[in-house]
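Visitor: test case, fold it:
(2 chains)
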Amino acid sequence: MSKTQAKQEKINEPKANLIPIFLMGKRYDVPDTLTIQKATEYAGFQLIRGCGCRGGICGACGTVYRFANDYKLYYGLACQTVVEPNMYITQIPFFPANKAVYNIEELEPTAETIVKYYPEIFKCMGCNNCTLSCPMDIKVMDYVAAAMSGNIQQAAELSFDCVMCGLCAARCPAEEVQYNIAILARRLYGRHILPQADHLAERVKQVEQGRYESMLKELMKADKSQLMDLYTKRQLEPDNADEMWEPEDKSHL
Amino acid sequence: MPYTPELQNLIKKVEETRPARVEKKKRGEEFPGIPVAERQEILRKFHPDFIEGTQRKIKVGPNKGYKITAEYVDILETKSRIDPDKIDLNTIAMETDVLVIGGGGAGNSAALLARENGAKVIIATKLRNGDANTMMAEGGIQGADKIWKDSPYNHYLDVMGGGHFVNDPELVYTLVTEAPKVLKWLESLGMIFSKYPDGKMKTMHGGGTSRKRMHYAGDITGAEIMRTIRDEVNNYPGDITVLEFAPAVDLILNDKGECAGAVLYNMETEEYFVVKAKSVVIATGGTGRLHIQSFMTTNHYGATGDGLVIAYRAGVPVNFLHTVQYHPTGAVFPEQAEGLLITEKVRGAGANIVNIHGEQFVFEREPRDVEASAIIRECSAERGNGVPTPTGKFGVWLDSPMIDSLSGEGTVRKEFPGKYILFKRYGIDITKEPMLIYPTLHYQNGGLEANSKCETKVPGLYVAGEVLGGVHGENRLMGNSLLDVTVFGRIAGVNAAEHAKGVSGTGKLSLDHVKKFNKEIKQAQIKDKIGPMLLPDYSNPEVRKRQLTTQYVGTIR
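Guide: Numbers count the residues shown, from 1 in each chain, chains lettered A, B, ... in the order given. Predicted coordinates:
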């Protein structure tokens, strides 16, 4: 066993206050400072599914829980949610989802496009379970409504923090896969609504025309002291400079 | 957990000095930087790489005698998980043109470009496709596209300076000249860059940049790149097959010494199977989960350096593994967030770093190794200006509320929505309270040796992304890893597909290199250890003691 990890993740703190949690119905007593993810490991599980970035962004550890004597369902990411006494926990590490296949280049950013690829969007009955189940506090039903009405920008913006964990789809009585609708909306927005950067296209052309070849070849041949000298003399763009700030020496632009 | 009363008291000192620091920043005055000539001194005294006894010489393989971080030696000096004689190389479960090992930014970029160049592709990945450090990268992606103030020339100098001028010049040339093309590619795939209304890219400074060239998508730039290219991969189900929870445990060569596939492991059914391929791309990412020197890490669960291990066994040398990157700003409070990455963009937006007395002690945008060393020094016995945490650690303040004072109310919420929500859940409002941070294990500066076409010494074997060494020399700058994975992922994909066209696929498959390496380990009298690690071991040792009938091979069953 690796010498570092157990102590690194602090799963075995002797002085910790132990509380009961129920993993898939079975009781384990775990330290009350742990996240659901670390508590599961403390209980003795080796995670394979249901664990990814351990930092709340990859969406691998969507989790559903309830408390004893409470009818309400709660949702969270296992790596971000701290355990509480008498939680009844299950992870949803995978939920089947249909994903449309498309060529983003050829599409138009309209309601018709969304409907063509995800016709089930009209089945939405406005129950709002998707929003209630989102561990990222995204207004899922609102972005679905925006996509349906062709407001692609709003659908993209409202869904921007989506980690695609799938809890919304798991709870949807209309069998929608909201997060796949969302990424289609975001890609439509990024490709067809946001204006493209002219300066970027221009720079690509400059590079392809070989504008930087000779000056870069010179740098590649330079020895350490020459490079250090050039490096030290670099003009630094000030922090508070305006976007259109220009350097004094423009010979290498 | 919100800040304790003790910490709240200490925050008052940060608040006392804040107005003056904001005024200074507004006047364009900065805390003096550490001159290039003095960087080595602070690194030598305080950077973890230089701590006596933390490195050792590797005893076997292509780099025998090279002194590197001990945890890297531990994983390289391992025997295969499998007995090579037990694998039936005549039973081929799947066959493809290009096998991509790893499902992060580099792997998915490679798959897309290999497909574009006519190849059938399999992506084999240990966790889900996209569970990778790419997903977690927050701050941004560099690229010199501001034609009125920046160019690949400036970018090149910055990269070399950050890496202490020892980077591989060919790789750096490729990185900076391909950067604009990659940004254009991502833009055309529909990635949502943060932009001005006219389409102009918003860009920021990062540590060690001479021009503001950090492009971003809120504070989830990596996630936005990852989910976009993964969605694109999923648009070609006929050409790209994704195998999840199926890590490679060894490469397969043929009798001509070319790479011809890999042995994969189904982590759920626990069976091994053979995938034959005309080219193989290793894009397995980094090694944060080795917890070098017991540091916390920002890395994802699977960052155990599997690709390093299997390629080294197949004869690919490693480089630059004598340096490791510690990100200057990992969270140390609350406990649930320990090790969590606080993007450098927070400092790019103007937040100072201050000590227990609310005083600045370092310019907030030094290259990462220098910045991290300065923070370690401030918390060391020499200075004793660290802020103590309830778990007995030390940290310093990252003064995020400054950002709203500098750029207007609401900026933090708008530019750092991910971190804002996360800390809000802990009861900490980062628009009003600073974050407590300490350096955290972040990036594998070195890796496998390859040229700018991503070719290794082994014909048919390509590497890309964090596992490729040399691009960043001894220290990577912020925003160059998202760039690295996409630039070299694409190149590896193109060249792997080209190579596949000229391969007949008739060579006899072999695991002789594994047998040979196993023998070397035995001869060097290295204690039997198994690699690759595949997953870190966070299970409860008390429970393991009671698992009386369970056999562990390495860290997993």
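Visitor: and the strand ranked longest in chain B, what's its mean pLDDT?
Guide: Ranked by residue count under DSSP state E, the longest strand found in chain B is strand B:271-282. Taken as a whole, strand B:271-282 carries a mean pLDDT of 98.
Visitor: and that strand, does that touch chain A?
Guide: No. Applying CB under 8 Å from any CB of the partner chain, one finds strand B:271-282 out of contact with chain A, separated by at least 14.3 Å. C-beta here means a position set from N, CA and C on the backbone, and glycine is covered the same way.
Visitor: cool, and stretch B:454-469?
Guide: No. Figure legend: stretch B:454-469 not in contact with chain A (CB under 8 Å from any CB); closest approach 14.6 Å.
Visitor: right, and the helix or strand after the longest strand of chain B?
Guide: helix B:306-313 (DSSP states H and E).
Visitor: which elements pack onto that following helix?
Guide: helix B:70-76, strand B:248-254, strand B:271-282, strand B:447-448, strand B:461-463, helix B:512-523 (3 or more CB pairs under 8 Å, 6 or more residues apart in numbering or on different chains; DSSP states H and E).
Visitor: now the third one - C-alpha only, CSV.
Guide: Written as CSV, here are the backbone C-alpha positions of strand B:271-282 (Å, rounded to 0.1, in the frame of the first residue of the first chain):
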residue,chain,number,x,y,z
GLU,B,271,-10.4,-9.3,-17.6
TYR,B,272,-7.5,-8.5,-19.8
PHE,B,273,-7.9,-8.3,-23.6
VAL,B,274,-5.8,-7.5,-26.6
VAL,B,275,-6.3,-4.5,-28.9
LYS,B,276,-4.2,-4.5,-32.1
ALA,B,277,-3.4,-1.2,-33.7
LYS,B,278,-1.3,0.2,-36.5
SER,B,279,-0.3,3.2,-34.4
VAL,B,280,-0.7,4.0,-30.7
VAL,B,281,-1.0,7.4,-29.0
ILE,B,282,-0.2,7.7,-25.3
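Visitor: buried sites along that strand?
Guide: Neighbour counts over strand B:271-282 (16 or more other CB atoms under 10 Å in any protein chain shown) mark B:272-282 as buried.
Visitor: so which residues of chain A form helices?
Guide: Assigned by DSSP state H, chain A shows helices spanning A:5-8, A:36-43, A:111-117, A:129-133, A:140-148, A:152-158, A:167-171, A:178-188, A:198-208, A:213-221, A:224-232.
Visitor: put together JSON lines for these, with distance to residue B:162 on each row.
Guide: As requested, the helices of chain A are exported to JSON lines (distance: least, CB to CB, whole Å):
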{"stretch": "helix A:5-8", "distance to residue B:162": "28"}
{"stretch": "helix A:36-43", "distance to residue B:162": "34"}
{"stretch": "helix A:111-117", "distance to residue B:162": "43"}
{"stretch": "helix A:129-133", "distance to residue B:162": "43"}
{"stretch": "helix A:140-148", "distance to residue B:162": "39"}
{"stretch": "helix A:152-158", "distance to residue B:162": "34"}
{"stretch": "helix A:167-171", "distance to residue B:162": "40"}
{"stretch": "helix A:178-188", "distance to residue B:162": "32"}
{"stretch": "helix A:198-208", "distance to residue B:162": "21"}
{"stretch": "helix A:213-221", "distance to residue B:162": "14"}
{"stretch": "helix A:224-232", "distance to residue B:162": "9"}
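Visitor: closest to residue B:94 out of those helices?
Guide: Closest approach to residue B:94 among the helices of chain A (CB to CB): helix A:178-188, 26.5 Å.
Visitor: closest point of the stretch 301-450 of chain B to chain A, which residue?
Guide: Relative to chain A, the nearest point of the stretch 301-450 of chain B is residue B:301 (5.0 Å; CB to the nearest CB).
Visitor: phi, psi of that residue?
Guide: phi -60, psi -30 (degrees, to the nearest 10).
Visitor: what about the nearest residue to it once chain neighbours are set aside, neighbour count?
Guide: Nearest residue to residue B:301, sequence neighbours excluded (CB to CB, 6 or more residues apart in numbering or on different chains): residue A:51, at 5.0 Å. Using other CB atoms under 10 Å in any protein chain shown, residue A:51 has 27 neighbouring residues.
Visitor: residue A:51 contacts residue A:37, correct?
Guide: Yes. Assessed by CB atoms under 8 Å, residue A:51 is found in contact with residue A:37 at 6.4 Å.
Visitor: tell me, what's touching these two both at once?
Guide: A:61, A:78-79 (CB atoms under 8 Å, 6 or more residues apart in numbering or on different chains).
Visitor: ok, and the most crowded of these?
Guide: Result: residue A:61 is most packed of these (other CB under 10 Å), 30 neighbours.
Visitor: in contact with that residue, which residues?
Guide: A:36-37, A:50-52, A:77-79, A:91, A:93, A:165.
Visitor: so what's the nearest residue to it once chain neighbours are set aside up against?
Guide: Sequence neighbours aside, residue A:78 is the residue nearest to residue A:61 in space, at 3.8 Å (criterion: CB to CB, 6+ apart). Residue A:78 makes contacts with A:35-37, A:40, A:50-51, A:61-63, A:89, A:91, as judged by CB under 8 Å, 6+ apart.
Visitor: how about those residues in JSON lines, adding pLDDT and distance to residue B:240?
Guide: Shown next, in JSON lines, are the contacts of residue A:78 (pLDDT from 0 to 100; distance: CB to CB, whole Å):
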{"residue": "A:35", "pLDDT": "91", "distance to residue B:240": "34"}
{"residue": "A:36", "pLDDT": "96", "distance to residue B:240": "33"}
{"residue": "A:37", "pLDDT": "95", "distance to residue B:240": "30"}
{"residue": "A:40", "pLDDT": "96", "distance to residue B:240": "33"}
{"residue": "A:50", "pLDDT": "95", "distance to residue B:240": "25"}
{"residue": "A:51", "pLDDT": "96", "distance to residue B:240": "25"}
{"residue": "A:61", "pLDDT": "97", "distance to residue B:240": "26"}
{"residue": "A:62", "pLDDT": "97", "distance to residue B:240": "25"}
{"residue": "A:63", "pLDDT": "98", "distance to residue B:240": "30"}
{"residue": "A:89", "pLDDT": "98", "distance to residue B:240": "35"}
{"residue": "A:91", "pLDDT": "96", "distance to residue B:240": "28"}
